[in-house]
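**Q** My questions are about this predicted structure, shown below with the sequence.
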Amino acid sequence: MESLFGLFVVVVLLVVGFSFGRLAESRHYASIKQREADTLNVPAVTCRRWELERPIAEASLAVGSVVVSVDYFKRFLTGLRKVFGGELHSYASLIDRGRREALLRMKESCPDAHLFLNCRLETSSISKGQGDSVACVEVLAYGTAIRFADGDAVRSQATD
């Protein structure tokens with residue numbers, strides 16, 4: 001009887017973890033989509049040089065960082081996937097949300113920039129999720145924020 005109760009508790013915790021994790025993830029994606037729409041007119045490009053046709057008023061380092069943790073339901077699914085092997089689909093949204101959020105935070109760190117050049121993304125694992133720790137990943141986005149003297153949007157082309 002105790003083992004049946006223990007199984008019931010595990011199932012309930014998994015359902016609760018799945019429900020709250022999915023709710024939090026959907027809210028975060030909705031926030032990301034809205035903020036991406038707001039900053040859509042400000043390009044963030046990976047090229048190092050841009051053929052500029054006008055003077056630059058300011059160039060500065062822009063940085064955005066985020067640490068995203070995995071919920072317990074995804075951690076459980078990953079444990080099962082480790083047994084059977086294969087791609088960890090449950091972590092794909094975690095990495096996607098981290099990248100998109102870091103880029104948005106980079107853009108938000110220099111809100112008056114007209115262009116972000118030489119943008120890069122770095123990832124690192126904060127913890128491996130071993131023992132009592134929870135697996136989480138840090139994503140860092142950085143680039144050069146350019147603000148033009150005339151204040152207009154980008155009109156030039158990439159060269160690199």
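**A** Looks like it arrived, so ask away.
**Q** measure the most centrally placed residue in the chain to Glu138 for me?
**A** Central residue of the chain (Cα atoms, centre = their mean): Gly98, 1.8 Å from the mean position. Distance, Gly98 to Glu138, by Cβ to Cβ, to the nearest Å: 8 Å. All C-beta atoms are positioned from the backbone trio N, CA, C, and that covers glycine.
**Q** residues contacting the residue nearest to the centre of the chain?
**A** The contact partners of Gly98, by Cβ atoms under 8 Å, 6 or more residues apart in numbering, come to Val66, Val68, Thr123, Val137, Glu138, Val139.
**Q** Repeat the analysis, applying 6 Å as the threshold.
**A** Val66, Val68, Val137, Val139 (Cβ atoms under 6 Å, 6 or more residues apart in numbering).
**Q** And the third one, its phi and psi?
**A** Yep, that's Val137 we're talking about. In terms of degrees, to the nearest 10, the main-chain angles of Val137 are phi -130, psi 140.
**Q** returning to what we had before: in strands only, show me the contacts of Gly98.
**A** Judged by DSSP state E, the contacts of Gly98 include Val66, Val68, Val137, Val139 as members of strands.
**Q** show me what contacts the last one?
**A** Applying Cβ under 6 Å, 6+ apart, one finds that Val139 lies in contact with Val66, Gly98, Arg99, Ala102, Thr123.
**Q** just the second one next, same as before
**A** Applying Cβ under 6 Å, 6+ apart to Val68 gives the contacts Leu94, Arg97, Gly98, Val137.
**Q** Now it. Nearest residue, chain neighbours left out?
**A** Counting by Cβ to Cβ, 6 or more residues apart in numbering, Val68 lies nearest to Gly98, which is 4.5 Å off, once chain neighbours are set aside.
**Q** Quick check: the two most widely separated of the contacts of Val139?
**A** Val66 and Thr123 (10.4 Å; Cβ to Cβ).
**Q** Give me the more crowded residue out of the two.
**A** Taking other Cβ atoms under 10 Å, Val66 and Thr123 do not tie; Val66 has more neighbours (19 against 12).
**Q** Report the beta-bridge partners for that one.
**A** Val139 (DSSP bridges).
**Q** pLDDT value on it, please?
**A** Looking at Val66, its pLDDT reads 95.
**Q** one step back: confirm the residue nearest to Val68 sits in a helix?
**A** Yes. According to DSSP: H, G, I helix; E, B strand; the rest coil, Gly98 belongs to a helix.
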